[in-house]
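1. Fold the following, please.
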Amino acid sequence: MGAPLEAPARRRRHTRLIATATELVGECTQAAAAVYGPIADAPPEQERGWGAAQRGRAVRVRAVRLSR
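-> Numbering: from 1, shown residues only. This next block holds a predicted model:
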């Protein structure tokens, strides 16, 4: 592992990591809005023909473990 980071260097590194994570969350939010926004804005009569998840029925979801 290398030598321990000095406190200011560690803070800068943590700040960069937090900034990167914040940008990623923002990009995910924009992508989700682009996908789900039109569905949310659609009139209720357009729901006919959608799958069970869109009609509010219970849907079984498989858990996925993300690697770090």
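2. what about the helix or strand harbouring Gly26, average pLDDT?
-> Secondary structure from DSSP states H and E places Gly26 in helix 7-41. Helix 7-41 shows a mean pLDDT of 92.
3. Which elements pack onto that helix?
-> Contact analysis of helix 7-41 by 3 or more Cβ pairs under 8 Å, 6 or more residues apart in numbering; DSSP states H and E lists no helix or strand as a packing neighbour. To be clear about C-beta, it is placed using only N, CA and C from the backbone, and glycine gets the same treatment.
4. Number of residues surrounding Thr29?
-> A count of nearby residues for Thr29, using other Cβ atoms under 10 Å, gives 10.
5. what about it, distance to Glu23?
-> Thr29 sits 11 Å away from Glu23, going by Cβ to Cβ, to the nearest Å.
6. and what of Arg16?
-> 11 Å.
7. Equivalent analysis for Arg11, please.
-> Using Cβ to Cβ, Arg11 is found at 19 Å from Glu23.
8. And for Asp41?
-> 26 Å.
9. what does Gly37 give?
-> From Gly37 over to Glu23 (counting by Cβ to Cβ), the distance is 20 Å.
10. Likewise for Ala9?
-> Distance from Ala9 to Glu23, by Cβ to Cβ: 21 Å.
11. which residues touch Ala40?
-> By Cβ atoms under 8 Å, 6 or more residues apart in numbering, the contact list for Ala40 is empty.
12. Kindly recompute the last result at 10 Å.
-> Ala33 (Cβ atoms under 10 Å, 6 or more residues apart in numbering).
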